[in-house]
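**Student:** Okay, predicted coordinates and the sequence, questions at the end:
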Amino acid sequence: MQKILVIDDEKPLLDIFQQTLSKLGCNVEIASNVKEGIKKFDDGLFDLVITDILMPGGNGNDILRHIRSSDRQFTPVIGISGTPWLLNDRDFDMVFIKPFPLKALVNAVHDLSSTSSK
C-alpha cells in the first residue's frame, strides 16, 4: 500500500484528495500547513508527497527544499498551485495548476509509484 502525504491549507481539497487516494488503496496522511507537513514527513516514511505552494507560514517550495536536503531526498513530490509563478517546477517530479482534473492526479500517482518502485 502506497503511503502518501498531502499538504494543503484548504480543508475541502485535503478531504477530496484523501477520499480519492484512499479509494485507490493508498494510505493518506494530511497536513494543513508547512510546519505540520515537514514534521509528518520527518516522522514518517512516505512514498509520495503532494503539496500546495501558497500556504500561511511558508510554502511548498520550502517543503520541497526540506525533502531534497533530507536522507529521503528521492521521495517523489507533486506541486499543486493556483499561483504557478511561485512554483520552482524544475525540482518537483510533477506540477499541477489549479484547477485540474482529479483523474490527472490519479494518473500521476500511478506513474510516480511505478517509477519509484523500479
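**Tutor:** Thanks, I have the structure now.
**Student:** This structure: strands as residue ranges?
**Tutor:** Here the chain has its strands, by DSSP state E, at 3-7, 27-31, 48-52, 54-55, 58-59, 77-81, 94-97.
**Student:** winner for burial among these?
**Tutor:** Highest mean neighbour count among the strands of the chain (mean count of other C-beta atoms under 10 Å): strand 48-52, with a mean of 25. Backbone N, C-alpha and C define where each C-beta goes, glycine included.
**Student:** pLDDT (mean, whole number) over that one?
**Tutor:** What strand 48-52 shows for mean pLDDT is 97.
**Student:** do the same with stretch 26-44
**Tutor:** Per-residue scores along stretch 26-44 average to 97.
**Student:** now the end-to-end length of that stretch.
**Tutor:** One end of stretch 26-44 to the other measures 15 Å (C-alpha to C-alpha, to the nearest Å).
**Student:** Worst mean pLDDT across the helices and strands of the protein, which element?
**Tutor:** Ranked by mean pLDDT, DSSP states H and E, the weakest helix or strand in the chain is helix 102-116, scoring a mean of 86.
**Student:** And it, what does it pack against?
**Tutor:** Where contact means 3 or more C-beta pairs under 8 Å, 6 or more residues apart in numbering; DSSP states H and E, helix 102-116 is packed against helix 11-23, strand 48-52, strand 77-81, strand 94-97.
**Student:** Please produce TSV containing these, extended by distance to Asn61.
**Tutor:** Converted to TSV, the helices and strands packed on helix 102-116 look like this (distance: least, C-beta to C-beta, whole Å):
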stretch	distance to Asn61
helix 11-23	18
strand 48-52	9
strand 77-81	8
strand 94-97	12
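**Student:** Specify the stretch among those that is closest to Gly60.
**Tutor:** When the helices and strands packed on helix 102-116 are compared by C-beta to C-beta, strand 48-52 sits nearest Gly60, at 4.0 Å.
**Student:** Relative to that closest one, what are the paired strands and their orientations?
**Tutor:** Strand 48-52 sits in its sheet next to strand 3-7 (parallel), strand 77-81 (parallel), going by DSSP bridges.
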